[in-house]
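Colleague: Mind looking at a prediction? Sequence and model below.
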Amino acid sequence: MAAVTTSGLVIVLGGINMDLVAITPRFPAAGETVVGDRFLTYPGGKGANQAVASAMMGADTLMVGRVGDDQFGPELMAALRSKGVNVAGVGIVPDVSSGIAVIAIDGSAQNSIIQILGANNACDYEEVEYVSEYLDRASTLMLQLETPIGVSLEAAREARARGKTVILDPGPVRPIPQDFYHCCNVITPNETEAQALVGFPVTDRESAARAAQTLLDRGVELAVVTLGAQGAVYATVRMSGYVAPFPVTAVDSVAAGDAFNGALAAALARGEEAGQAVRIASAAGALAVTKSGAQSSMPSEAEVAALLQSQTGA
Ligand code: ADP
């Protein structure tokens, strides 16, 4: 394991959501009411989840984004704070709801989701200025595609110009401008996202390696393609590798990618080299699937270290 030599703030600019989950025996038809079994609320959003994962891995982590002035805003901020995330960069937008996902899960574990962007969509140049203000203390900027892409691109440009590591998790799937690749050091699509970006099926190690190469050709320095229970493939211009999945008992795959990304950001921020950072991230992703929920399933630094050690026998 590389010595921990440097560390810096991880800034996460991204989406903050409340997930409202109804468990029901079956979905209602249009106009129909069905009696469901249970109702749960989970703080979520890719940005917020990744910020929690990064903080849980010991990185000084700042969340930048927006919540609405509804009852969920304070709850979402409290959830982040309780996991050690600095929420000084989270603004409250008047007269708009927080980002919300209304999720129904039926008896066969199928889900249907209505996503309301709400306050996330109100992120604008103010967030870029906020990121800029903190960049001197930061080593890493973590981005996803749940907030307006122009804002993320501007923040990425600024961070890149100041020599920081920019990581883009390109989800949820949408086209990204070529410019964005040049502003990102690291890109971390899952299979579906990789396929949408490169335009050919990404289903296994071999196709993921080709996708990673394509993404390198577009200008990133490290491309990581996550393959769920099949592990993760990564490539830089000098080397490439594969991290096999850590053997775990899967309970709920929600937010595995967020655990992976947050842990990757924290590992790169403290100076781990690419291959080791992807290993650490893979251990975090594996541990996240052993627990249900999103932010509640993010593993601690100690849990990740224990899993890594059990696999190396060190
Ligand atoms: P996403 O949630 O974005 O679709 P993935 O499902 O690809 O992300 O998961 C991210 C990473 O988490 C994988 O590359 C792998 O390292 C780890 N992971 C996910 N599911 C499992 C699993 N069932 N067993 C072991 N590791 C897993």
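Modeller: Yep, that arrived. Note that the structure is a prediction, hence the values are computed from the model and not measured. Residues are numbered from 1 along each chain as shown.
Colleague: Sketch out the strands for the stretch 151-300 of the chain, chain order is fine.
Modeller: Taking DSSP state E, counting those that start in this stretch, the strands of the stretch 151-300 of the chain run over residues 165-168, 186-187, 222-226, 232-235, 240-243.
Colleague: Quick one: name the residues of the chain near the ligand.
Modeller: Residues of the chain lying close to the ligand (CB under 6 Å from any ligand atom) are 190, 226-229, 231-232, 245-246, 248, 250, 253, 256-257, 260, 282, 285-286, 289. Where C-beta positions appear, they are placed from N, C-alpha and C, glycine not excepted.
Colleague: Please pick the buried ones from the residues you listed.
Modeller: 190, 226-228, 231-232, 245-246, 256-257, 260, 282, 285-286, 289 (16 or more other CB atoms under 10 Å).
Colleague: so how far is L153 from the residue nearest to A274 when sequence neighbours are not counted?
Modeller: Leaving aside its chain neighbours, A274 sits nearest to L222 (5.2 Å; criterion: CB to CB, 6 or more residues apart in numbering). According to CB to CB, to the nearest Å, L222 stands 19 Å off from L153.
Colleague: Between the two, which has more neighbouring residues?
Modeller: Higher neighbour count among L222 and L153: L222, with 24 against 19, using other CB atoms under 10 Å.
Colleague: wait, that one sits on L168?
Modeller: No - counting by CB atoms under 8 Å, L222 does not reach L168; the two are 10.9 Å apart.
Colleague: To G107, which of the strands of the stretch 151-300 of the chain lies closest?
Modeller: Closest approach to G107 among the strands of the stretch 151-300 of the chain (CB to CB): strand 222-226, 29.0 Å.
Colleague: any idea how far the closest one is from the chain center?
Modeller: 13 Å (CA atoms, centre = their mean, to the nearest Å).
Colleague: Run through who's touching it.
Modeller: For strand 222-226, contacts defined as CB atoms under 8 Å, 6 or more residues apart in numbering pick out 185-191, 194, 202, 208-209, 211-213, 215-216, 232-236, 256-257, 260, 264, 274, 278, 281, 285.
Colleague: returning to what we had before: for S112, find the nearest of the strands of the stretch 151-300 of the chain.
Modeller: strand 222-226 (24.2 Å).
Colleague: State the mean pLDDT of the closest one.
Modeller: Strand 222-226 shows a mean pLDDT of 98.
Colleague: If you drop the residues flanking it in sequence, what lies closest to S54?
Modeller: G262 (4.0 Å).
Colleague: mind checking how far the one you found is from P94?
Modeller: Taking CB to CB as the measure, G262 falls 30 Å from P94.
Colleague: can you pull the pLDDT of V4?
Modeller: The model's pLDDT for V4 equals 39.
Colleague: what pLDDT does S292 get?
Modeller: Note for S292: predicted pLDDT of 84.
Colleague: tell me the contacts of the nearest residue to it once chain neighbours are set aside?
Modeller: Of all residues not flanking S292 in the chain, D252 sits nearest, at 4.1 Å (CB to CB, 6+ apart). With contact set as CB under 8 Å, 6+ apart, D252 has these partners: 289, 291-293, 297.
Colleague: Then V233?
Modeller: Contacts of V233 by CB under 8 Å, 6+ apart are 205, 208-209, 212, 224-225, 227, 240-242.
Colleague: so G36 sits in a helix?
Modeller: No - checked against DSSP: H, G, I helix; E, B strand; the rest coil, G36 lies outside a helix; its state is coil.
Colleague: Am I right that it is in contact with A22?
Modeller: Yes - here G36 reaches A22: they are 4.8 Å apart, a contact under CB under 8 Å.
Colleague: quick one: the helices in the stretch 151-300 of the chain?
Modeller: In the stretch 151-300 of the chain, the helices defined using DSSP state H, counting those that start in this stretch lie at 178-183, 191-198, 205-217, 256-269, 274-288.
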